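[1] Sequence first, then the predicted structure, then my questions.
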Amino acid sequence: MPYSTEIEKYLKQRRIGLGDRIRLTKKDRSYEGVLMPASVGDEGYLVIKLNNGYNIGIDFRGIETVERLKSGKASHAEPAKAVDAETAKKPQLSLIATGGTIGSRVDYQSGGVSALMSPAELVAMAPEIAEFAYISSIQSPFLKLSEDLEIKDWVKLARLCVEELKKPAVKGVLLTHGTDTLHFTSAALSFLIKDLNKPVVLVGAQRSSDRGSSDAAMNLICAARIAISDIAEVGICMHAGSGDEYCIFNRGTKVRKMHTSRRDAFRPINALPITEVFPDGRIEWLSEHRKRDEGKTPTLHAKVEEGVVLIKFHPGLDPGILDYYVRKGYKGIIIESTGLGHVHSKWIPFIERVVKKGMLVFFTPQTIYGRLNLNVYSNGRNLLKAGVIPLDDMLSETALVKLAVVLGMTSKPERVKELMLTNMAGEISERHTPEEFLA
């Protein structure tokens, strides 16, 4: 993002460019750091990366002086070291990099990010991996912020995973990904890949690798440990707590980002983690899981339906929104309902009408934890009569992804309903235990 014309002219006159170390003075206060690109919508603020790794934006108005201390062009990344022959003999992993800090190298001078495109560069970031595994290849189908991913991107990633899983020498797949929609992608891969034979481990980082509190390296090390283990699951491996002791691996359909910034933001929902995994290789198995079976041949379900939507019910929400999605040609709606499965009673005739027009309407619990039961109260029973299909304890995000995949398999309403209520990838729990709540 460029700065305002005024700022660009000011910097050019002083031969200051992005990546230069500068000192600026404003109202008897000095700030020193690396000049960064302008933030979106803040072209009138100078952005610098302070020595503590944080960025700060300073209103250009009132700045007294800006002094260049050091040119950013003088710094170059260290060349990647070659992988030795001994490392190459170790269990092979394939890595698919899609973006996010964990799959990138931060340039401390410009603040920019460069994708890791070779195994040697990745090992340089987390050299401990070379002690037990060899990342033999890195593919990068795209580099995107995770909020920019679209449904079609899930299919592209699933196709790459299947290709790698079919290779006899590859023991598992690591997939680096931004954290904002990481749980959507983990659910998508869980449904799109059939007859999974080896682990597919998604991993991200909450803190950038230029910060002392970064979780990037440890998450990647633990994810690699899981990827060579005796398991055949799609899941997310991230920090278990605020410390740096171990990570947890959660099933891809039973995990959710539960905090904006904590390193242990990814928590299991209505389930326990599959494992606790330590950087030194110790693995504590906590719940049932599918075993590695290299006799299987994974396949891809490549067709998905993009005309699906997730609506969060809230007081005052106009039920006419359902008619809008009918007019737009959507095929299915997930409604995050209150309590055991409720919406305002005035929604009932609207739901009944759109169902008669062919719209599939499913309910999930906005409580996140627990399961729906629409038979308890009259409101729920009337909703069932109107055509609502409750999805038990399925996560709303998982339900949305599953609906997109199922509608890609069939357009027959009864078959869609049957598949949505079938436990295809561990997304529905038969029973809950007290230990699972806020696990």
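    Nice, thanks for sending it over.

[2] Could I get the full set of helices for this structure?
    Counting by DSSP state H, residue ranges of the helices within the chain are 5-13, 85-88, 119-125, 151-165, 182-192, 216-227, 321-327, 347-356, 378-386, 396-409, 413-420.

[3] Can you lay out the ones you listed as JSON lines showing distance to residue 33 and mean pLDDT?
    Heads up, the C-betas are built off the backbone N, CA and C, glycines and all. Converted to JSON lines, those look like this (distance: least, CB to CB, whole Å; pLDDT from 0 to 100):
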{"stretch": "helix 5-13", "distance to residue 33": "15", "mean pLDDT": "92"}
{"stretch": "helix 85-88", "distance to residue 33": "37", "mean pLDDT": "77"}
{"stretch": "helix 119-125", "distance to residue 33": "23", "mean pLDDT": "59"}
{"stretch": "helix 151-165", "distance to residue 33": "35", "mean pLDDT": "97"}
{"stretch": "helix 182-192", "distance to residue 33": "30", "mean pLDDT": "99"}
{"stretch": "helix 216-227", "distance to residue 33": "22", "mean pLDDT": "94"}
{"stretch": "helix 321-327", "distance to residue 33": "46", "mean pLDDT": "98"}
{"stretch": "helix 347-356", "distance to residue 33": "53", "mean pLDDT": "98"}
{"stretch": "helix 378-386", "distance to residue 33": "56", "mean pLDDT": "98"}
{"stretch": "helix 396-409", "distance to residue 33": "38", "mean pLDDT": "99"}
{"stretch": "helix 413-420", "distance to residue 33": "52", "mean pLDDT": "98"}
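
[4] Which among these is found nearest to residue 207?
    helix 216-227 (7.2 Å; CB to CB).

[5] which helices and strands sit right next to that closest one?
    helix 119-125, strand 170-176, strand 200-203, strand 234-239, strand 247-251, strand 275-277 (3 or more CB pairs under 8 Å, 6 or more residues apart in numbering; DSSP states H and E).

[6] where does the stretch 1-150 of the chain dip in pLDDT?
    Under the criterion pLDDT under 70, the flagged ranges of the stretch 1-150 of the chain are 1, 39-42, 52-54, 72-83, 101-125.

[7] Tell me where it has strands.
    Under the criterion DSSP state E, counting those that start in this stretch, the stretch 1-150 of the chain contains strands at 21-26, 29-35, 45-49, 55-59, 65-70, 92-97, 104-106, 113-115, 134-139.

[8] contacts for the fourth one?
    Pointing back at strand 55-59 there. 24, 26, 31, 33, 36, 39, 42, 44-50, 111 (CB atoms under 8 Å, 6 or more residues apart in numbering).

[9] Show me what it pairs with in its sheet, parallel or antiparallel.
    The strands beside strand 55-59 in its sheet (DSSP bridges) come out as strand 45-49 (antiparallel).

[10] Show residues contacting the strand it pairs with.
    3, 7, 22, 24, 31-39, 55-60, 63, 66, 111.

[11] before we move on, back to that, tell me the most buried of the strands of the stretch 1-150 of the chain?
    The highest average neighbour count among the strands of the stretch 1-150 of the chain, using mean count of other CB atoms under 10 Å, belongs to strand 92-97 at a mean of 24.

[12] Output the contacting helices and strands for that one.
    Using 3+ CB pairs under 8 Å, 6+ apart, strand 92-97 is in contact with strand 134-139, helix 151-165, strand 170-176.

[13] and that strand with strand 134-139, angle?
    30 degrees (axes from the mean of the first three to the mean of the last three CA atoms, to 10 degrees).

[14] distance between strand 92-97 and the chain's centre?
    Distance of strand 92-97 from the chain centroid (CA atoms, centre = their mean, to the nearest Å) equals 17 Å.

[15] Quickly run through the sheet partners of that strand, with directions.
    Strand pairing for strand 92-97, using DSSP bridges, gives strand 134-139 (parallel), strand 170-176 (parallel).

[16] I'd like to check the angle between the first one and helix 151-165, please.
    Which is strand 134-139. Counting by the same axes, to 10 degrees, strand 134-139 lies at 140 degrees to helix 151-165.

[17] And the last one, by the same measure?
    Compare the direction of strand 170-176 with that of helix 151-165 by the same axes, to 10 degrees and you get 150 degrees.

[18] Could you tell me the angle between strand 170-176 and helix 216-227?
    150 degrees.

[19] Could you break this structure into its assigned domains?
    For the chain, the domain assignment from automatic domain parsing gives the residue ranges 5-71, 85-300, 308-420.

[20] Turn those domains into TSV, columns for distance to residue 428.
    Listed next are the domains of the chain as TSV, based on distance: least, CB to CB, whole Å:
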stretch	distance to residue 428
domain 5-71	40
domain 85-300	9
domain 308-420	5
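
[21] right, and those - which one's nearest residue 427?
    With respect to residue 427, and counting by CB to CB, the nearest of the domains of the chain is domain 85-300 at 3.8 Å.

[22] which ones are touching the closest residue to residue 342 other than its chain neighbours?
    Distances taken as CB to CB, 6 or more residues apart in numbering place residue 379 nearest to residue 342, at 5.2 Å, with adjacent residues excluded. Counting by CB under 8 Å, 6+ apart, residue 379 makes contact with 342, 343, 345.

[23] for the last one, phi and psi?
    Comment: the main-chain dihedrals of residue 345 come out as phi -60, psi -20, following degrees, to the nearest 10.

[24] Quickly note the distance from it to residue 364.
    19 Å (CB to CB, to the nearest Å).

[25] The first one too?
    Counting by CB to CB, the gap between residue 342 and residue 364 amounts to 12 Å.

[26] Neighbour count for those two, which is higher?
    residue 364 (26 against 18; other CB atoms under 10 Å).

[27] Counting neighbours, what do you get for the closest residue to the more buried one other than its chain neighbours?
    The shortest distance from residue 364 to any non-neighbouring residue, by CB to CB, 6+ apart, is to residue 396 (4.3 Å). A count of nearby residues for residue 396, using other CB under 10 Å, gives 22.

[28] Which residues are in contact with residue 396?
    Contacts of residue 396 (CB under 8 Å, 6+ apart): 310, 312, 334, 336, 364, 365, 366.

[29] again, only this time at 6 Å
    Residue 396 makes contacts with 310, 336, 364, as judged by CB atoms under 6 Å, 6 or more residues apart in numbering.

[30] Distance to residue 408 for the helices and strands packed on strand 92-97 - can I get that in CSV?
    Formatted as CSV, the helices and strands packed on strand 92-97 follow (distance: least, CB to CB, whole Å):
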stretch, distance to residue 408
strand 134-139, 24
helix 151-165, 9
strand 170-176, 21
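
[31] ranking these by burial, who's on top?
    strand 170-176 (a mean of 26).
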